[in-house]
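Participant: here is the input, now give the coordinates:
(one chain, ligands or ions: 1)
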Amino acid sequence: MRIGFAHSAVAACLLGCAAGVTLGAAFADGDAAAVLKIDNFAFMPKSVTVKAGTTVTWTNQDDETHTVTSITKEFKSKPLSAGDKFTYTFTTPGTYKYFCSLHPFMTGTIVVEAPTGAGGTP
Ligand SMILES: [Cu+2]
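Facilitator: Next comes the predicted model:
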């Protein structure tokens with residue numbers, strides 16, 4: 001269901017992006033969102049550590065089409081053209097490795113830590 005998945009990913013991004021803009025100043029108590037970019041055939045930052053429940057957004061700023069594809073198939077973007085975004089919310093602690101299915105040498109890692117107590121400890 002490639003089309004269906006892409007549609008839900010876009011919907012999630014709309015929600016996530018809107019929330020990010022609205023709540024941007026309120027993130028001091030915890031990372032509820034993380035933003036990565038894809039540029040020059042690389043994910044940047046290449047490795048990111050976030051708390052469980054964090055929504056990660058990748059934006060393709062390259063001129064090439066790329067994907068964000070989990071090696072364990074937990075998440076998989078559609079091919080992202082320049083300017084496209086992909087959003088995924090990580091709810092379970094663990095290490096998530098991913099790559100670009102079009103350029104497999106492009107790799108990245110999301111490390112998801114257990115959430116801290118309410119309020120968190122920076
Ligand atoms: Cu690529």
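Participant: near the ion, which residues of this structure are found?
Facilitator: Listed as neighbours of the ion in the chain under the rule CB under 5 Å from the ion: 66, 100, 102-103, 106. Just so you know, the C-beta spots here come from the backbone N, C-alpha and C atoms, and that holds for glycine as well.
Participant: how about a cut-off of 8 Å?
Facilitator: Residues of the chain lying close to the ion by CB under 8 Å from the ion are 38, 41, 62, 64-67, 100-103, 106.
Participant: now the buried members of these.
Facilitator: 38, 62, 64-67, 100, 106 (16 or more other CB atoms under 10 Å).
Participant: residues making contact with stretch 106-113?
Facilitator: 36, 38, 41-43, 46-52, 54, 56, 66, 68, 90, 92-100 (CB atoms under 8 Å, 6 or more residues apart in numbering).
Participant: returning to what we had before: mind putting the buried ones among the residues of the chain next to the ion in CSV, pLDDT included?
Facilitator: As requested, those are arranged in CSV below (pLDDT from 0 to 100):
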residue, pLDDT
38, 98
62, 98
64, 97
65, 98
66, 98
67, 98
100, 98
106, 98
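Participant: which members of those occur in strands, if any?
Facilitator: residue 38 (DSSP state E).
Participant: for the buried ones among the residues of the chain next to the ion, which one is nearest residue 85?
Facilitator: The closest of these to residue 85 turns out to be residue 38 (CB to CB; 9.8 Å).
Participant: show me where pLDDT drops low in this structure?
Facilitator: 1-31, 117-122 (pLDDT under 70).
Participant: how about a cut-off of 50?
Facilitator: 1-29, 120 (pLDDT under 50).
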